[in-house]
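Trainee: Okay, sequence plus prediction incoming.
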Amino acid sequence: MGPEEFRRAGHELVDWVADYRLGVRDLPVRAQVSPGDVLSALAPVPPESPEPLAALIADLDQVIVPGLTHTQHPGNFAWFPSNASLSSVLGDIVAGGLGALGLSWQSAPALTELEQVVCDWARQLCGLSAGWKGTITDGASTACFVALLVARERATDGCQRRGGLQAEPSPLTVYCSAEAHSSVVKAVLLAGYGADNLRPVPVRRPGREMDVAALDALMTADVAGGRRPAAVVATSGTTATTAFDPLADVCAVAQSHGAVVHVDAAMAGSAMLLPEHRGLFDGIEGATSLSWNPHKWLGSVLETSLFYVQDPGPLVSVMATDPSYLRSARDGSVVQYRDWGLPLGRRFRALRLWSLLRLEGAEAIRARLRRDLANAQRLATLVEQAPGWQLVAPVRLQTVCVLHVPEGPEGPDLDAHTLKWCEAVNASGAAHLTPAVVDDRWVVRISIGSETTEWSDVEAMWRLVERVAASS
């Protein structure tokens, strides 16, 4: 495909995307397919000759779109916001069109330096000190994994250069809230600590934040038992209830035991753009590293996650690679982002966030976040006023966790009732919610934050939930 053919096809596909966004409200939120439906609808062998764009678009309409749960839908209240603002989509188009190869500063100076600028813009918008230096990775899960690799090497004075953890005289331990994201467990396993050396810390009620006294007790017991605390993963905005671990206290306890602190603020990090909500992150300057995802609530296209460190030196010492074919006279005087994470070749991800911030402006983004926060509080009021309904956890941001408790069912029967009415709402196509287990009990999370969701959409969802739960 040459540039002129690309121009014509690109115009048509941009029109298709715009039409999809205009019409997404009229689609059922949840995918309407069964396992294998998409697989069987697509050609089993690759084409030997070019096909017309019209055939590709027909498959988009008839196969791909019905096989999606539409996260850009105003009735999407599932998981977490996954906004792909069209201003960010434009940046993604440019990134793909340029096809820059981010192997090193030398291979794409603009890729590296725009990433530096965008990470610093986001730092400023979040009110973080100038000491934080950032990079863009694919997600908070990868950031947590890298942070734990760095913590491992710090605690062992660089065991990867010797015999690895197998040669260490005593095991390293990692600590996190019992309600931390599952990616923390995966990172602990992949980084070689072992499941036996992960310590889930109990949470306090009703806020569900990490119990710092319990953290201190666990770390003290491990030291007495010959283990070495290496890292604490603190969560700012847990997945189920958006609980916030007390960062100042966590950092103080970790420091007293010689451990570092990584802060996972994957969804909730966007709230740092709002000065009135920065109190939730008090103490963050005492952490060693931080990750949050502009590709969630903020509005960037997926795989745009920010990973910050207070000191890049330990990160680079662990992750650096120096193949002869990438050496240049600029080494030592420029940032080489291949030494800040796992990939060698990197996409021009910064264009997505740069485009979003420039074309939307920070104040418009703040206004949208405040809208969602206000809508969550209005919904919480409706829940509290409704007979038979409970708020399961405090509403700190935009996630409202609810439980319907009719007369009669208890224990497993109440769980079955919760799952039944939630599935009925999702099957209706009008809204999409996700259940989650809190205190060994199924509840339903209502995550408000889709770019197109207004109060009228939230209210309509709640009236549907009330009707369906009453009849289930």
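Mentor: Ah, there it is.
Trainee: Helices of the stretch 251-400 of the chain, start to end?
Mentor: For the stretch 251-400 of the chain, the helices defined by DSSP state H, counting those that start in this stretch cover 312-319, 350-360, 362-385.
Trainee: Just the terminal-to-terminal distance for stretch 34-50.
Mentor: 30 Å (Cα to Cα, to the nearest Å).
Trainee: try stretch 71-82
Mentor: OK, stretch 71-82 end separation, Cα to Cα: 6 Å.
Trainee: Just name the most buried of the helices of the stretch 251-400 of the chain.
Mentor: Neighbour counts (mean count of other Cβ atoms under 10 Å) averaged over each of the helices of the stretch 251-400 of the chain peak at helix 350-360, with a mean of 23. Glycine gets a C-beta too; all of them are placed from N, C-alpha and C.
Trainee: Report all helices and strands that it contacts.
Mentor: For helix 350-360, the packing partners by 3 or more Cβ pairs under 8 Å, 6 or more residues apart in numbering; DSSP states H and E come out as helix 86-98, helix 109-126.
Trainee: Need the mean per-residue confidence for the longest one.
Mentor: Okay, so that is helix 109-126. Helix 109-126 carries an average pLDDT of 98.
Trainee: Partner strands of the helix or strand just after that helix and their direction?
Mentor: Next in sequence after helix 109-126, counting helices and strands by DSSP states H and E, comes strand 133-137. Paired neighbours of strand 133-137 in the sheet (DSSP bridges): strand 305-309 (antiparallel).
Trainee: Alpha carbons only: can I get the strand it pairs with in CSV?
Mentor: C-alpha atoms of strand 305-309 as CSV (Å, rounded to 0.1, in the frame of the first residue of the first chain):
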residue,chain,number,x,y,z
SER,A,305,1.4,3.4,31.8
LEU,A,306,3.7,5.7,33.7
PHE,A,307,6.5,4.2,35.8
TYR,A,308,8.4,6.6,38.0
VAL,A,309,11.5,6.2,40.2
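Trainee: what mean pLDDT would you report for that strand?
Mentor: pLDDT averaged over strand 305-309 gives 98.
Trainee: Residues contacting it, please?
Mentor: With Cβ atoms under 8 Å, 6 or more residues apart in numbering as the test, strand 305-309 has contacts from 119, 122-123, 128, 132-140, 142-143, 146-147, 150, 266, 269, 288-295, 315, 340-341.
Trainee: Pull out the buried residues from stretch 28-47.
Mentor: 28-30, 38 (16 or more other Cβ atoms under 10 Å).
Trainee: hang on, the earlier thing: out of the helices of the stretch 251-400 of the chain, which is closest to Ser428?
Mentor: With Cβ to Cβ as the criterion, Ser428 lies closest to helix 362-385 of the helices of the stretch 251-400 of the chain, at 18.3 Å.
Trainee: Give me the mean pLDDT for the closest one.
Mentor: Average pLDDT, helix 362-385: 98.
Trainee: ok and it relative to helix 350-360, angle-wise?
Mentor: Put simply, helix 362-385 runs at 80 degrees to helix 350-360, going by axes from the mean of the first three to the mean of the last three Cα atoms, to 10 degrees.
Trainee: Pull the most distant pair out of the buried residues of stretch 28-47.
Mentor: Val29 and Val38 (17.5 Å).
Trainee: can you pull out the strands in the stretch 201-350 of the chain?
Mentor: Ranges of strands in the stretch 201-350 of the chain, per DSSP state E, counting those that start in this stretch, are 228-235, 260-264, 289-292, 305-309.
Trainee: could these go into a markdown table alongside distance to Thr241 and mean neighbour count?
Mentor: Putting the strands of the stretch 201-350 of the chain into a markdown table (distance: least, Cβ to Cβ, whole Å; neighbours: other Cβ atoms under 10 Å) gives the following:
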| stretch | distance to Thr241 | mean neighbour count |
| --- | --- | --- |
| strand 228-235 | 10 | 27 |
| strand 260-264 | 14 | 28 |
| strand 289-292 | 18 | 28 |
| strand 305-309 | 22 | 25 |
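Trainee: The residue positioned nearest the centre of the chain and Ala143, how far apart?
Mentor: Nearest to the mean C-alpha position of the chain, by Cα atoms, centre = their mean, lies Ala266 at 4.0 Å. As judged by Cβ to Cβ, to the nearest Å, Ala266 and Ala143 stand 9 Å apart.
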